[in-house]
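Visitor: Give the three-dimensional model of this entry:
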Amino acid sequence: MIIAGVVIETSTGQAAIVAERLQGCEGLQICGNDGNRRLAGVWKAASAAELERAARELVGSQNDILGVYPTLVAEDSGN
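Guide: Here you go, the predicted structure:
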């Protein structure tokens, strides 16, 4: 399993609205926001390719999400 700390950049003033909407996004836990345009989260996926696909899909499907930026990526071997 791949675990990534991410910053999600939104349109100005949309962080709280986007955070609410992302509550049901599989593998994504929103941990906080700056009250304006950035969300902090932890995203888990089966592989790096799956994580990248999900991030691209998220950005491509929502006009108020401008980017998903990994800050830390690690592999959990389950041990």
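Visitor: So residue 55, which state does it fall into?
Guide: helix (DSSP: H, G, I helix; E, B strand; the rest coil).
Visitor: so it makes contact with residue 69?
Guide: No - assessed by C-beta atoms under 8 Å, residue 55 is found out of contact with residue 69, at 9.1 Å. Quick note: C-beta positions are derived from backbone N, CA and C, even for glycine.
Visitor: Identify the contacts common to these two.
Guide: The overlap between the contact sets of residue 55 and residue 69 (C-beta atoms under 8 Å, 6 or more residues apart in numbering) consists of residue 6.
Visitor: The two: which has the busier surroundings?
Guide: residue 55 (21 against 13; other C-beta atoms under 10 Å).
Visitor: hey, which strand is longest across the chain?
Guide: Identified as the longest strand of the chain according to DSSP state E is strand 65-75.
Visitor: So in that sheet, which strands flank that one, and in what orientation?
Guide: Strand partners for strand 65-75, identified by DSSP bridges, are recorded as strand 2-10 (antiparallel).
Visitor: Which elements pack onto whichever helix or strand comes after the partner strand?
Guide: Next in sequence after strand 2-10, counting helices and strands by DSSP states H and E, comes helix 15-21. Contacts defined by 3 or more C-beta pairs under 8 Å, 6 or more residues apart in numbering; DSSP states H and E place helix 15-21 against strand 2-10, strand 28-33, strand 38-45.
Visitor: May I see those strands arranged in a markdown table, with distance to residue 64, mean pLDDT and mean neighbour count as well?
Guide: Below are the helices and strands packed on helix 15-21 laid out as a markdown table (distance: least, C-beta to C-beta, whole Å; pLDDT from 0 to 100; neighbours: other C-beta atoms under 10 Å):
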| stretch | distance to residue 64 | mean pLDDT | mean neighbour count |
| --- | --- | --- | --- |
| strand 2-10 | 5 | 97 | 20 |
| strand 28-33 | 13 | 96 | 16 |
| strand 38-45 | 11 | 97 | 18 |
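Visitor: Would you mind giving these as a markdown table with distance to residue 62 added?
Guide: Below are the helices and strands packed on helix 15-21 laid out as a markdown table (distance: least, C-beta to C-beta, whole Å):
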| stretch | distance to residue 62 |
| --- | --- |
| strand 2-10 | 9 |
| strand 28-33 | 13 |
| strand 38-45 | 12 |
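Visitor: Many thanks, we can stop here.
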